[in-house]
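**Student:** coords below, sequence missing:
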């Protein structure tokens, strides 16, 4: 497995994190979130703890990853291979680090079971809950990260193009998911960032449906929500197509969602608050009479995780910054009738939003 | 989405849990593990909390799942749909339940962030950490659960059979994963229980490799570790095949692993300790000179999760019980050379182990 963080960028990330730790009056930070560890060190294994202090950066993992961690981290952190339990290795690691008293931990990424270890075996240090120290850094992507996301977007779009040629009434949603996932793999996607959603007919009204055994029928909306992963970075796009000619009502609902997507994608820019971005799509949909039918928020950041900071939602006051990559995914869902969602991935730049996904947004009639 | 727990079985599960709560001197239990909630109620959504008391069982989820939760739970719990945050709905739910003072929570499934909510907003109750109350019940499968696992095993085996006909030198591991996953979907698998492992040549020596961009070559071992999901229940099998004729050394290593699998699969029975099951395979491999090359434990339970209780490992004293379903997966890994793992799924019965996976264990030469 190749290293998936450009090693040249890691010292900058650690320096920024240490600045944030200084502002929070912390001598050290225990990082237990695996995507945060990957961001800071490049390590992509499934078992790790990271201790960051003013002068040191120590990564603990187990013997299964001995070869992989050396390859991925390449000197960006001191590596400790633990024979049994990472926590057993943590205490001597902290004790061996001079001047560490106040240590932060990630409140949203530490289980109570492990928090109890800090209070028991780690009682000689002062433990302070922290929130979003690394996530805030991750929200703003550098050029290398944007390039990876763009590659993941390209994989997803080419896979969708090939999949749509193979969709027809009579297939199950699960079979369509199989076609789509095969195409994603053929395009080089190294994983699936989330379980593929293929929702047809009335099931397209369920925003969180997965693929099931329903058989596609003429007249159905078919909603496909999926992504690819390139060098650790995710894409996340949704298109809703129709099997056969649409009814007037289907066309009308689709056009409202399409226009909401176009308006919101065009509106996002540096300084716009998350709530204001959300309102661009929500107000348009509400004005057309479907305010109650858009039952989720407008979008979210993507990167090493498919859901990360920032959020574009009614309650979010934080403004967008250059380098953020967000989804724009308005939808209308009518129980028993069906639903439409159109989702693109957009990079926020100094001069406005740049839509990274180029797949057509108009209503495609299939078969 | 259809309900995925037989509604007739749920009262029994709740009664068993209430017995365990009584032994732990708890008036209530807050269940935050989603697989545990699914086991007790049938609900398969991604956002839920469950409160179980002596007389009540209240499931909290959000508006996105309103239709799904009613369909899946069918009267097995009182459903509360929360408009914003499940925690905001928890406090009035507990307050409305008479006689509740001591409430357990799942220490291994509650984040510090949410534990802090218990201490702050939930300070009028006494919160007690618990471990494995539901997991212990889940470890023993009923006939309905075994049938689902058997269906998932069948899907995985048929998918493997079809995939092996399409493997040849020149394909990337990622492309092979795509073929396999497509076949799994065609067999009806509703999800992938874990990221597929397709590891070839020297990469087969990495026990936790995923599929990557390495190109398959004649003479490679190709290790495939994957599973299917049927009505919520997982299978997990591994086969290692060879591209072209094996060397003597490859054949020898393979035969040791095969024999270790056969011996351990034949030895597991009611009353055997996890450590003793592990030792059957480990001692055999060590006697053949590869003791250091089997760097993980023998197996683990499968069910609603692909890794669950019990564990078959050196440190585990607990004995196997009838109704447990475990993997048996010995391996030999030689860095730089390659590795072999052969994994089957075995049901523990009163009369011995019944191997649920029937795919041939002998070394298959492909292409």
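**Tutor:** Received the coordinates, thanks. Keep in mind it's a predicted model, so treat the numbers as computed, not measured.
**Student:** which SS class is residue A:36?
**Tutor:** What DSSP: H, G, I helix; E, B strand; the rest coil gives for residue A:36 is helix.
**Student:** and the closest residue to it other than its chain neighbours, what does it touch?
**Tutor:** For residue A:36, ignoring the flanking residues on the chain, the nearest one in space by C-beta to C-beta, 6 or more residues apart in numbering or on different chains is residue A:134 at 4.0 Å. Placement of C-beta: from N, CA and C, glycine included. Contact analysis of residue A:134 by C-beta atoms under 8 Å, 6 or more residues apart in numbering or on different chains lists A:17, A:31, A:33, A:36, A:39, A:40, A:106.
**Student:** Need these in TSV (columns: secondary structure).
**Tutor:** Formatted as TSV, these follow (three-state DSSP):
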residue	secondary structure
A:17	helix
A:31	strand
A:33	coil
A:36	helix
A:39	helix
A:40	helix
A:106	strand
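**Student:** Looking at these, which is nearest chain B?
**Tutor:** Nearest to chain B out of the contacts of residue A:134 is residue A:106 (C-beta to the nearest C-beta; 8.1 Å).
**Student:** Next, count neighbours for the residue lying closest to residue A:269 once chain neighbours are set aside.
**Tutor:** Of all residues not flanking residue A:269 in the chain, residue A:352 sits nearest, at 4.9 Å (C-beta to C-beta, 6+ apart). Using other C-beta atoms under 10 Å in any protein chain shown, residue A:352 has 14 neighbouring residues.
**Student:** Tell me the bridge partners for residue A:352.
**Tutor:** Beta bridges link residue A:352 to residue A:349, judged by DSSP bridges.
**Student:** Would you check that it makes contact with residue A:265?
**Tutor:** No: Residue A:352 is beyond contact range of residue A:265, at 9.9 Å (criterion: C-beta atoms under 8 Å).
**Student:** check which helix or strand covers the residue nearest to residue A:36.
**Tutor:** Using DSSP states H and E, residue A:134 sits within helix A:133-139.
**Student:** Assign the nearest residue to residue A:78 once chain neighbours are set aside to helix, strand or coil.
**Tutor:** Sequence neighbours aside, residue A:58 is the residue nearest to residue A:78 in space, at 4.7 Å (criterion: C-beta to C-beta, 6+ apart). Three-state assignment for residue A:58 (three-state DSSP): strand.
**Student:** before we move on, back to that, pLDDT at the residue nearest to residue A:36, what is it?
**Tutor:** pLDDT, the model's per-residue confidence, is 98 for residue A:134.
**Student:** which residues touch residue A:197?
**Tutor:** Shown in contact with residue A:197 (C-beta under 8 Å, 6+ apart): A:208, A:209, A:210, A:211, A:223, A:224, A:225, A:226, A:238.
**Student:** Return the per-residue confidence for the first one.
**Tutor:** What the model reports as pLDDT for residue A:208 is 78.
**Student:** Would you map out the domains in chain A?
**Tutor:** Using automatic domain parsing, the domain parsing of chain A gives A:7-138, A:140-366.
**Student:** I'd like the ones you listed written out as a markdown table, with distance to residue B:255 added.
**Tutor:** Below are the domains of chain A laid out as a markdown table (distance: least, C-beta to C-beta, whole Å):
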| stretch | distance to residue B:255 |
| --- | --- |
| domain A:7-138 | 24 |
| domain A:140-366 | 32 |
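**Student:** tell me the most buried of those domains?
**Tutor:** Comparing the domains of chain A by mean neighbour count (mean count of other C-beta atoms under 10 Å in any protein chain shown), domain A:140-366 comes out on top with a mean of 20.
**Student:** First-to-last residue distance for that domain?
**Tutor:** Using C-alpha to C-alpha, to the nearest Å, one end of domain A:140-366 lies 38 Å from the other.
**Student:** Tell me how far the spatially closest residue to residue A:291 that is not a sequence neighbour lies from chain B.
**Tutor:** Of all residues not flanking residue A:291 in the chain, residue A:285 sits nearest, at 6.3 Å (C-beta to C-beta, 6+ apart). From residue A:285 over to chain B the distance is 17 Å, taken as C-beta to the nearest C-beta, to the nearest Å.
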